[in-house]
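**Q** coordinates only, sequence not included:
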């Protein structure tokens, strides 16, 4: 190559690099999509919409919530994993999608480790042990005593044996030696409707989906499933006060398809954490039920996910859940 051609090639490469840098600096340069594996109106959906509204203003781009419910989170997770890793698609993921599904299914249409990279941790979503407001059951001890007095007759609703709430119910039964009859429901909405109607005695459900019913006085919250009392619910005991070490809290995290540009990952991480530090945003999310946590850096989010995977392996062994 002569000097003239070499110079032209060098200038072309420099221009190309400059273009890439410019695009990275202006990300996002088109609408951004957040895939959710839950339905509109669900706890995760409500939280995602609070954040997406603020991010859209910050970024000057529409942030679209793409609900893909069904298949125990597999439909949404697969859709996100197979999306082009160009910075336009992210997955607003739950514990089930990233951690428990690999322990419950022999095969999945996506791989939480190989298909996604961490972006931001959003919030912890405690679950609760609930009864209807006029129930004669007024405490966890009361519920356990009643279940033991007539084994198999006290009913404890959940979303199925291979769901988060179902595994919490099984762990509760195992660690209290309760004899509650676990009743599966298609979703938390159907379960809480039956609970309020008196068709089931108690229910394990996430606070994000049931907090308003508790505040309206239609349900009574006996305990939360967190390691400590939950902010905003300080009068409600944590199950860990009766069962030391009990910590069964769901969470939300944003991840992206492997190969997503670093600029998109870093700016999303930075801006999401900034929003979570905003008092108004934290209070709006807290009113739904989840407790925000914008303290994790990118590496810390990855470490958290790895630790959760190991912890849940131990839990599934304890309650005898095997992949199917």
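**A** Everything's here; your move. All figures in this text were calculated on a predicted structure; none of them were measured in a lab. Residues are numbered from 1 along each chain as shown.

**Q** show the pLDDT at residue 26.
**A** Residue 26 is assigned a pLDDT of 84 by the prediction.

**Q** how close does it sit to residue 117?
**A** 21 Å (C-beta to C-beta, to the nearest Å). No exception for glycine: its C-beta is placed from N, CA and C like everyone else's.

**Q** same thing with residue 177?
**A** With C-beta to C-beta as the criterion, residue 177 and residue 117 are 42 Å apart.

**Q** those two: which is more packed in?
**A** A direct count of neighbours by other C-beta atoms under 10 Å for residue 177 and residue 117 places residue 117 higher, at 17 against 9.

**Q** what's the distance between the more buried one and residue 240?
**A** Applying C-beta to C-beta to residue 117 and residue 240 gives a distance of 32 Å.

**Q** and residue 56, how many residues sit next to it?
**A** 16.

**Q** OK, contacts around it?
**A** Residues near residue 56 by C-beta atoms under 8 Å, 6 or more residues apart in numbering: 62-63.

**Q** tell me which element it falls in.
**A** Using DSSP states H and E, residue 56 falls within helix 43-59.

**Q** in the chain, where's the longest strand?
**A** strand 116-132 (DSSP state E).

**Q** what angle separates that strand from helix 43-59?
**A** Using axes from the mean of the first three to the mean of the last three C-alpha atoms, to 10 degrees, the inter-axis angle of strand 116-132 relative to helix 43-59 is 130 degrees.

**Q** residue 180 is in contact with residue 154, correct?
**A** Yes: taking contacts as C-beta atoms under 8 Å, residue 154 lies within contact range of residue 180: 5.0 Å.

**Q** what is in contact with these two at once?
**A** Joint contacts of residue 154 and residue 180 (C-beta under 8 Å, 6+ apart) are 143, 147, 201-202.

**Q** what is the nearest of those residues to residue 191?
**A** residue 202 (10.3 Å; C-beta to C-beta).

**Q** just list whatever residues bridge to the closest one.
**A** Legend: beta-bridge partners of residue 202 under DSSP bridges are residue 156.

**Q** run a quick neighbour tally on residue 136.
**A** Residue 136, neighbours per other C-beta under 10 Å, totals 8.

**Q** residue 231 now?
**A** If we define neighbours as other C-beta under 10 Å, then residue 231 has 12 of them.

**Q** ok, now which ones touch it?
**A** 286, 291.

**Q** three-state assignment of it?
**A** coil (DSSP: H, G, I helix; E, B strand; the rest coil).

**Q** ok, now how distant is residue 103 from residue 96?
**A** For residue 103, the distance to residue 96 - C-beta to C-beta - is 10 Å.

**Q** quick one: which of these two has more around it?
**A** Set side by side, residue 103 and residue 96 show more neighbours around residue 96, with 22 against 17, by other C-beta under 10 Å.

**Q** hmm, residue 165 and that one touching each other?
**A** No: at 10.0 Å, residue 96 does not count as touching residue 165 under the criterion of C-beta under 8 Å.

**Q** in three-state terms, label residue 199 for me.
**A** Under three-state DSSP, residue 199 comes out as coil.

**Q** got a list of what residue 203 touches?
**A** Residue 203 neighbours (C-beta under 8 Å, 6+ apart): 129-131, 156-158, 191-192, 195.

**Q** pull out the buried residues from the residues you listed.
**A** 129-131, 156-158, 191-192, 195 (16 or more other C-beta atoms under 10 Å).

**Q** what is the neighbour count of residue 274?
**A** Neighbour tally, residue 274, other C-beta under 10 Å: 14.

**Q** quickly note the distance from residue 209 to residue 102.
**A** 24 Å.

**Q** do residue 69 as well
**A** 19 Å.

**Q** where does pLDDT dip in this structure?
**A** Applying pLDDT under 70 to the chain flags residues 1-25.

**Q** how long is stretch 289-309 from one end to the other?
**A** End-to-end distance for stretch 289-309: 24 Å, by C-alpha to C-alpha, to the nearest Å.
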